[in-house]
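Trainee: attaching a predicted model along with its sequence, questions to come.
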Amino acid sequence: MFKNIPKPMLARMEHLEAVDRRDRTDGTEHLKRLRQVPRITGKFIGLLASLAPAGEYVEVGTSAGYSSLWLWMALKGRGIRHKTYEILPEKAALARETFRLAGVSGDVELIEGDFLERGGSLANIAFCFVDCEKHFYESIFRMVAGKMVPGGLLAADNAISHQEEIKGMLDTVEADDRFDSLIVPVGQGVLVCRRV
Ligand SMILES: C[S@@+](CC[C@H](N)C(=O)[O-])C[C@H]1O[C@@H](n2cnc3c(N)ncnc32)[C@H](O)[C@@H]1O
């Protein structure tokens, strides 16, 4: 599913990777940086998404849409249109541009706003990728956990790099008998939870 990435998509991915690299070294302020996942994490969440059961596919934290493209690659053969939530209008505009240039605008639903306000009506969640401000992680897990289908997968990035900041979520997951979980040392560390 990661072979033969369409040329326009690959060009946009390489552009975003260059911007992200530059952001991290040139003093760009935190909220303006893309802060996207590295390729290896993109592939990992794509693989996870390809293994998740039927239901809703959701991403919290779109930024410029880089990780969404990895999810798109994983879902394209299955007719699944995933939803991705972004709170900042300027990032949502970048993501819209990414999806247009990559030719996937019709396959990805970009929802502008705070996931905690906009995601309440979701049901039957089969896959959820959490990659937003760390102080939201625990609330997002609490909101999503009861809406996940059996076998559903939730992945949260920065589980090693920001372990202290997301301790509330990690403890909540650990104490929840409905989930098995593991931190996988890929990229910045990805917490993977499976609803039993
Ligand atoms: C780390 S970046 C996401 C990177 C993206 N997943 C990628 O790898 O290409 C985090 C993004 O989450 C957004 N965000 C933060 N809190 C949010 C919330 N409560 N709801 C929706 N988006 C949120 C931020 O504006 C930011 O663009």
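Mentor: Arrived safely.

Trainee: what is the longest strand of the chain by residue count?
Mentor: If you go by DSSP state E, the chain has its longest strand at strand 148-157.

Trainee: and the ligand, is the next helix or strand after that strand touching that?
Mentor: Next along the chain after strand 148-157, taking DSSP states H and E as the criterion, comes helix 167-175. No. On the criterion Cβ under 6 Å from any ligand atom, helix 167-175 is out of touch with the ligand, staying 13.5 Å away. For the C-beta atoms, the positions are set from N, CA and C on the backbone; glycine is no exception.

Trainee: what comes up buried for helix 167-175?
Mentor: By neighbour count with 16 or more other Cβ atoms under 10 Å, helix 167-175 contains the buried residues 169-170, 172-173.

Trainee: what is the orientation angle of it with strand 148-157?
Mentor: Angle of helix 167-175 versus strand 148-157, following axes from the mean of the first three to the mean of the last three Cα atoms, to 10 degrees, is 140 degrees.

Trainee: contact partners of the helix or strand encompassing Ile45?
Mentor: Here Ile45 sits within helix 39-51, counting by DSSP H and E. If you take Cβ atoms under 8 Å, 6 or more residues apart in numbering as the criterion, helix 39-51 is touched by 1-2, 17, 37, 57, 66-67, 69-71, 73-75, 82, 127, 129, 153, 155, 157, 184, 186-188, 190, 192.

Trainee: mind listing what's buried along whichever helix in the chain runs longest?
Mentor: Identified as the longest helix of the chain according to DSSP state H is helix 7-23. Using 16+ other Cβ under 10 Å as the test for burial, helix 7-23 gives 9, 12-13, 16-17, 19-20, 23.

Trainee: got the CA coordinates for that helix in PDB?
Mentor: Extracted in PDB, the C-alpha atoms of helix 7-23 (Å, rounded to 0.1, in the frame of the first residue of the first chain):
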ATOM      1  CA  LYS A   7       3.600  11.500  -8.000                       C
ATOM      2  CA  PRO A   8       1.700  14.600  -6.900                       C
ATOM      3  CA  MET A   9       1.200  13.100  -3.500                       C
ATOM      4  CA  LEU A  10       4.800  12.300  -3.100                       C
ATOM      5  CA  ALA A  11       5.800  15.800  -4.200                       C
ATOM      6  CA  ARG A  12       3.500  17.300  -1.500                       C
ATOM      7  CA  MET A  13       4.900  14.900   1.100                       C
ATOM      8  CA  GLU A  14       8.500  15.800   0.300                       C
ATOM      9  CA  HIS A  15       7.600  19.500   0.400                       C
ATOM     10  CA  LEU A  16       5.900  19.100   3.800                       C
ATOM     11  CA  GLU A  17       8.900  17.100   5.100                       C
ATOM     12  CA  ALA A  18      11.200  19.900   4.100                       C
ATOM     13  CA  VAL A  19       9.100  22.500   5.700                       C
ATOM     14  CA  ASP A  20       8.800  20.400   8.900                       C
ATOM     15  CA  ARG A  21      12.600  20.000   9.000                       C
ATOM     16  CA  ARG A  22      13.200  23.700   8.500                       C
ATOM     17  CA  ASP A  23      10.500  24.600  11.200                       C
END
